[in-house]
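K.L.:
Please find the sequence and the predicted model below.
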Amino acid sequence: MSVLVIESLKKTYQSGRDELVILEDLDFHLGPGEAVAITGDSGCGKSTLMNLIAGLDTPTKGTISSCGREISALPESKLHDYRSLSLGLVFQFHFLLKELTALENVFLPGWMAGMKKAEAQDRALSLLASVGLTERSHHYPGELSGGERQRVALARALINRPPLLLADEPTGNLDESSSSAVEDLLLDMVKNEGTSLVLVTHDLALAQRLPVRYRLEHRKLWRHDGL
Amino acid sequence: MTGSSLRFLILRSFSSFLLPRSGGRHLPGAALGLALSLIPLVVVMVLSQGMIQGIMDRYLETFTGHFQIQSYSGSPGALEELKSSLVTNPEIRAVYTERQGFGLAYSGSKRLGVQLRAVESGFLKDEGTQKFLKVTQGESLRGDSQEPEVLMGEQAAKRLGVKPGDQIKIMTARSLGGRGFLPRITTFRVRGLVSVGYQDLDRLWVFLDAAQGSSLLPESEYPLFLHVKTHNPYQGILELQKKLQDQIPFRFMVKSWQELARSQFENYQANRVILMVIMALIVLVASVNISSSLVMIVMEKTKDIAILKCLGCPPGAITGMFTSLGFLTGLVGTVLGIALGSLVALNLNGLMEILNRLMDFWAYLTSSGAGGFRLLNPEYYLESIPLSLNPWELGITALGSLIVSTLAAYLPAKKAKGLRPVAILRKY
């Protein structure tokens, strides 16, 4: 079963009297364990596409299905299940809750999704170990470096073993060395967890590390493996 | 979302909103505001209840009795007979005969209209009477004195300028049908002064012996009545009234204290309700403060709310979280307010005395000559207020405060629930 299927997707925004068409007739397919990179110019609609896949925004037309479930038709009251169990999200900014420790930030989504607290904590500790932050698990986000925060965010995204991970410019805010470490971890962990990955990036070098690459241009996705 | 994880989030966010570390400055202020608004409510509640209870107890034990039985036929003998039969009733504690009338008392150049109360000596010795009617100077009536004697209310004696041992004259009037009145002047020796601690009630009282009363106050104009006391005037009084009315002959009429002191009782209760409503409005305003504090928190925490939604936190849980924050803030404020209010209320007599002394001291320092300041003028209020906490009233107040706080949190909670994460996260 496909992890993500997008058919005839259209997204428009109203700007005064004008209708801005961001995406149109966009089709996309992602199989289990596949990892793709999406590149494109600023403002071409990459983040809009990610928000639509994450169920944070609704399409104007077309359908988005994940694991056989049409998420674009789900009401808000059901979308939280999809976000909680089927999706991992990593943003450019870490978006950790500053009142919680690194460990709490990681295990909370697992606990919210129905895991036992102890089970969620064990899984969170193991993920933090994978991203090399065992020693920092009881630190608050304010006490961590930018790279460490992003590694915690990566661990958090994988706590529920989601079939699909969406990463929107995950290294966009990091310096070169931190960025490289987070990239390595992201690709390793996705491989180890068997999670499908959609990675949106400006960074062509990062995109080239993925086997399949798309370019968002003229409101559609174009396969661009030769990039 | 599991209940335990929601509880974790609520408690963590509540504790963080209370801690300055996380910019928690809104909720402590809101909780404190609620607590401060509850203090006057509790104080007024306890004070007014104590005042009403104290005044009503004095009315019932020293003035109206729990029941009064009057005869339509105007025969004192029949009432005496009825009294003998009533004292054997186990539901009745005591029965006394009394005759009330009016006269003009004067001493020297001072004169005062007084309320004459001719009571049998047992009434003045009754435990209920003695609990409130205190002989403050001189002695009580003996009943076997050869000389006409009276027991005067402290204020009446003060206005006439007499003290125990002095003589006063009392003029009473007997109607001569359509031909006017026949005045009668009798000289009495003041045997003692009394006070019930509530000047509005006893300021005109003059007690005299029952025999003196019958000769001074004619039966046709000032009929004898029975002053009946039960074991508990606040319980089953209407049922007992009906039972007594059925048991005794038809020519007697039984009136309960609720009929005799209805106007006072309803007046006090109405005043109390008005005060409580005003105080409750203050609590309502304080709970609006909780609402506005939570609105501020929602505005400050939009990013966190968006993150939680992205992590799969259901909208209902977001509503529950903010409603719970309102409830917990209300709980802290309510517990604090009820505790502080109770503490102040229970020590109110002492606190008022301290305030009175401070005002006197201030008057002394400023030589304004305004000494003798009394926060609650004893002419209209009890000199010492019986203060006790009513757990039911406190419980209802606490419950009301919690409900209002939780409801006040609903609006910001709804606002938080409706936030769209995509619009918020786009800003970062």
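P.N.:
Received, thanks.

K.L.:
pull the helix or strand with minimum mean pLDDT from chain A.
P.N.:
Sorted by mean pLDDT, DSSP states H and E, the helices and strands of chain A end with helix A:176-193, the least confident at a mean of 82.

K.L.:
Can you give me the buried ones in it?
P.N.:
Within helix A:176-193, the residues that count as buried by 16 or more other C-beta atoms under 10 Å in any protein chain shown are A:178-179, A:181-183, A:185-187, A:189-190, A:193. In this view, the C-beta of every residue, glycine as well, is placed from N, C-alpha and C.

K.L.:
could those be laid out in CSV, adding distance to A:Gln208?
P.N.:
Below are the buried residues of helix A:176-193 laid out as CSV (distance: C-beta to C-beta, whole Å):
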residue, distance to A:Gln208
A:Ser178, 19
A:Ser179, 14
A:Ala181, 18
A:Val182, 16
A:Glu183, 11
A:Leu185, 18
A:Leu186, 14
A:Leu187, 12
A:Met189, 19
A:Val190, 16
A:Glu193, 22
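
K.L.:
For those, give me a markdown table that also has distance to chain B.
P.N.:
Listed next are the buried residues of helix A:176-193 as a markdown table, based on distance: C-beta to the nearest C-beta, whole Å:
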| residue | distance to chain B |
| --- | --- |
| A:Ser178 | 18 |
| A:Ser179 | 18 |
| A:Ala181 | 22 |
| A:Val182 | 18 |
| A:Glu183 | 21 |
| A:Leu185 | 20 |
| A:Leu186 | 18 |
| A:Leu187 | 22 |
| A:Met189 | 18 |
| A:Val190 | 19 |
| A:Glu193 | 18 |
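
K.L.:
tell me which parts of chain A are close to chain B?
P.N.:
When proximity is defined as C-beta under 8 Å from any C-beta of the partner chain, chain A approaches chain B at A:47, A:51, A:54, A:56-57, A:76-77, A:80-85, A:87, A:89, A:91, A:93, A:95-100, A:104, A:108-109, A:111-114, A:117, A:156.

K.L.:
Going through these, which ones are buried?
P.N.:
Buried by 16+ other C-beta under 10 Å: A:47, A:51, A:54, A:56-57, A:80-85, A:87, A:89, A:91, A:93, A:95-97, A:99-100, A:104, A:108-109, A:111-113, A:156, out of the residues of chain A next to chain B.

K.L.:
Give me the three-state assignment for the residue in chain A that chain B sits nearest to.
P.N.:
Here the residue of chain A nearest chain B is A:Ser84; by C-beta to the nearest C-beta that distance is 2.4 Å. With DSSP: H, G, I helix; E, B strand; the rest coil as the basis, A:Ser84 sits in helix.

K.L.:
about what we covered before: list the helices and strands the least confident helix or strand of chain A packs on?
P.N.:
Other helices and strands packing on helix A:176-193, by 3 or more C-beta pairs under 8 Å, 6 or more residues apart in numbering or on different chains; DSSP states H and E, are strand A:35-39, helix A:117-130, helix A:146-157, strand A:196-200.

K.L.:
give me that answer again for 10 Å
P.N.:
On a contact count with 3 or more C-beta pairs under 10 Å, 6 or more residues apart in numbering or on different chains; DSSP states H and E, helix A:176-193 meets strand A:35-39, strand A:87-90, helix A:117-130, helix A:146-157, strand A:164-168, strand A:196-200, helix A:204-208.

K.L.:
In JSON lines: the ones you listed, plus mean pLDDT.
P.N.:
Output for the helices and strands packed on helix A:176-193, formatted as JSON lines (pLDDT from 0 to 100):
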{"stretch": "strand A:35-39", "mean pLDDT": "92"}
{"stretch": "strand A:87-90", "mean pLDDT": "90"}
{"stretch": "helix A:117-130", "mean pLDDT": "91"}
{"stretch": "helix A:146-157", "mean pLDDT": "90"}
{"stretch": "strand A:164-168", "mean pLDDT": "91"}
{"stretch": "strand A:196-200", "mean pLDDT": "92"}
{"stretch": "helix A:204-208", "mean pLDDT": "88"}
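
K.L.:
can you list the ones you listed in TSV and add distance to B:Val135?
P.N.:
TSV is the format used below for the helices and strands packed on helix A:176-193 (distance: least, C-beta to C-beta, whole Å):
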stretch	distance to B:Val135
strand A:35-39	100
strand A:87-90	86
helix A:117-130	73
helix A:146-157	82
strand A:164-168	91
strand A:196-200	96
helix A:204-208	100
